[in-house]
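Student: Here's a sequence, model it:
(one chain, ligands or ions: 1)
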Amino acid sequence: MIVSGSASQALAAALARELEEPLAAVEYDRFPDGELLAAAPGVAEADPDRAVIVASTVSSDAHLELLQLQDAVREAGVEEVVTVLPYMGYGRQDAAFEPGHPVSARAVARAISTGTDRVLTVNPHETAVCEFFEPTATAVDAAGRLADPLPDDLTEPVFLSPDAGAIELAETARNAYGTGETDYFEKTRHSGTEVEISPSDVDVAGRDVVVVDDIIATGSTMSEAVGVLSERDADRLFVTCVHPLLARDAVTKLSRAGVEAIYGTDTIERGVDTVSVAPTLAGHL
Ligand code: R5P
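Tutor: Numbers count the residues shown, from 1 in each chain. Got it, this is the predicted structure:
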């Protein structure tokens, strides 16, 4: 039985269809004092052997809600609990970057571990975060899906990643598309919203370019990359990512920078063109 967190309802429904498993009735509520209540009455009623909880932890509330759903399905007597984190919040805080700082990814992984037998997460920023979980945690690669919404008629396409860390995503997207060159920029981050991008050596003039990253958060990285590509006379510019977090004015920033389209997957439910990771997840369930 599939159980949805409030921020992952469309993906949970798609996964239920993909696996031909029932989608549990759930309730999300908030008490007058602000405390949350996420419940799964559908699980208590159906009494399944397995519950697959699908919940992107896009906010602190979503984190708490996940812990409640894990507890609720155990309370209902479910034997096996699988937790699917389409997007693992705090995953980029995977080290103590300054003295006295927490390893936040480890802290949330520990909490989530207490209520599950297995974890699946989609393209975490660093696969090593899987080691922070106590039960087996698997990083599922959905980057191949990123080629699906691209137009069929890209001209001499170039698939670029904004930094060396994301080159494998760009290569996977290119391989799934079937043709194109790949390369990466050098990125220097000056602050949460300020990044500097050094151009790659590829000649992009007159060519369609797809910039591929794991996540678009504030859009600073992508808009810098797009700016550099425009200066170098690239033709159409597409940006695509696994996790379209698109915080603050990211969509406006990218649109103003001149992108043709912003694509992402449904690991985070936002109003951009998306492709579902449900078939990829289903293969692991
Ligand atoms: C960092 O290395 C990530 O891969 C992304 O490039 C980064 O998190 C995107 O953040 P923003 O959209 O705020 O530049």
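
Student: Helices along the stretch 51-200 of the chain, start to end?
Tutor: Along the stretch 51-200 of the chain, counting by DSSP state H, counting those that start in this stretch, helices occupy 60-75, 104-113, 167-177.

Student: can you redo those helices as JSON lines with distance to Gly34, mean neighbour count and mean pLDDT?
Tutor: Every residue, glycine included, has its C-beta placed from N, CA and C. Formatted as JSON lines, these follow (distance: least, C-beta to C-beta, whole Å; neighbours: other C-beta atoms under 10 Å; pLDDT from 0 to 100):
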{"stretch": "helix 60-75", "distance to Gly34": "10", "mean neighbour count": "20", "mean pLDDT": "98"}
{"stretch": "helix 104-113", "distance to Gly34": "20", "mean neighbour count": "19", "mean pLDDT": "98"}
{"stretch": "helix 167-177", "distance to Gly34": "38", "mean neighbour count": "20", "mean pLDDT": "96"}
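
Student: Could you export the ones you listed as TSV, including distance to Leu237?
Tutor: Converted to TSV, the helices of the stretch 51-200 of the chain look like this (distance: least, C-beta to C-beta, whole Å):
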stretch	distance to Leu237
helix 60-75	32
helix 104-113	32
helix 167-177	14
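
Student: List just the one of those that sits closest to the ligand.
Tutor: The minimum distance between the ligand and these falls on helix 167-177, with 8.9 Å, by C-beta to the nearest ligand atom.

Student: that older thread, could I get the helices of the stretch 51-200 of the chain as JSON lines with distance to the ligand?
Tutor: As requested, the helices of the stretch 51-200 of the chain are arranged in JSON lines below (distance: least, C-beta to the nearest ligand atom, whole Å):
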{"stretch": "helix 60-75", "distance to the ligand": "18"}
{"stretch": "helix 104-113", "distance to the ligand": "13"}
{"stretch": "helix 167-177", "distance to the ligand": "9"}
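
Student: Name the nearest residue to Leu154, ignoring sequence neighbours.
Tutor: Asp208 (4.3 Å; C-beta to C-beta, 6 or more residues apart in numbering).

Student: For the least confident helix or strand in the chain by mean pLDDT, what is the distance to the chain centroid?
Tutor: Taking mean pLDDT, DSSP states H and E as the measure, the chain has strand 195-198 as its least confident helix or strand, at a mean of 76. Relative to its chain's centre, strand 195-198 lies at 23 Å (C-alpha atoms, centre = their mean, to the nearest Å).

Student: Near the residue nearest to Leu154, how many other residues are there?
Tutor: Counted by other C-beta atoms under 10 Å, the residues lying close to Asp208 total 20.

Student: if I read this right, it contacts Leu229, doesn't it?
Tutor: No - in this structure Asp208 lies outside contact range of Leu229 using C-beta atoms under 8 Å: 10.3 Å.

Student: Give me the buried positions along stretch 124-136.
Tutor: Burial within stretch 124-136, assessed by neighbour count using 16 or more other C-beta atoms under 10 Å, is assigned to 124-125, 129-130, 132-133.

Student: Quick check: nearest residue in space to Ile197, chain neighbours excluded?
Tutor: In space, Ile197 is closest to Glu224, 4.3 Å off (C-beta to C-beta, 6+ apart).

Student: does the one you found sit in a helix or strand, and which one?
Tutor: Using DSSP states H and E, Glu224 maps to helix 220-231.

Student: Tell me the helix or strand right after that helix.
Tutor: Defined by DSSP H and E, the subsequent element after helix 220-231 is strand 237-244.

Student: State the mean pLDDT of that following strand.
Tutor: Mean per-residue pLDDT for strand 237-244: 97.

Student: Any chance you could list what contacts stretch 18-30?
Tutor: 1-4, 6, 12-13, 16, 36-43, 45-46, 48, 51-52, 65, 69, 278-279, 281-282, 285 (C-beta atoms under 8 Å, 6 or more residues apart in numbering).

Student: try stretch 157-173
Tutor: In contact with stretch 157-173 (C-beta under 8 Å, 6+ apart) are residues 123, 141, 143-144, 146-147, 174, 177, 179-187, 197, 200, 202, 204, 207-214, 221-222, 224-225, 229, 234, 240, 242.
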